[in-house]
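> next come a sequence and a model predicted from it.
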Amino acid sequence: MFKKLLLFTGMSSVLLVGACGSGEDSASTEDLSPGEELYQANSCMGCHGRALEGGTGPNLQDVGNRYTPDEIESIIVNGKGQMRGGLITDQEDLDTIVEWLSSQTEE
């Protein structure tokens with residue numbers, strides 16, 4: 001009985017580790033701009049999607065065409081619609097993510 005339990009535990013561990021994968025198909029932080037790193041670190045993609053495609057929040061793929069940098073900053077600071085404000089409080093981080101979002105101008 002003990003051998004079966006040990007074998008089951010060992011095989012389960014191998015399967016679990018294998019299921020986690022190496023992460024090669026997801027972008028590493030080395031490939032991300034500072035603005036994109038902040039976007040991911042502040043959980044923005046939870047509502048706006050990994051590729052800015054939208055979800056519960058609006059699509060941001062062309063946000064730089066729709067809003068000025070000042071308007072983007074105001075939305076982040078004050079919120080808009082269901083998005084609450086104050087999600088990024090550090091001014092340097094705020095400037096970085098505003099610059100990155102402003103550059104999102106998909107045609």
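Sure thing, it's come through. Since the model is a prediction, treat every value here as computed from it, not as a measurement. Residues are numbered from 1 along each chain as shown.

> now stretch 46-60: average pLDDT?
Across stretch 46-60, pLDDT averages out at 95.

> so which bits of it are buried?
48-49, 52, 57-60 (16 or more other C-beta atoms under 10 Å). Every C-beta, even on glycine, is put in place using the N, C-alpha and C of the backbone.

> so where is the chain shaky, pLDDT-wise?
1-29, 107 (pLDDT under 70).

> what about the residue nearest in space to the middle of it, which SS state?
In the chain, the C-alpha nearest the mean C-alpha coordinate belongs to Gln40, at 2.7 Å (C-alpha atoms, centre = their mean). When classified by DSSP: H, G, I helix; E, B strand; the rest coil, Gln40 comes out as helix.

> now do the phi/psi pair for the nearest residue to it once chain neighbours are set aside.
Distance criterion C-beta to C-beta, 6 or more residues apart in numbering; nearest residue to Gln40, sequence neighbours excluded, is Leu32 at 7.2 Å. Note on Leu32: its backbone torsions stand at phi -100, psi 150 [degrees, to the nearest 10].

> number of residues surrounding Leu32?
By other C-beta atoms under 10 Å, 15 other residues sit near Leu32.

> tell me how far it lies from Val77.
Distance from Leu32 to Val77, counting by C-beta to C-beta, to the nearest Å: 23 Å.

> then Glu71?
11 Å.
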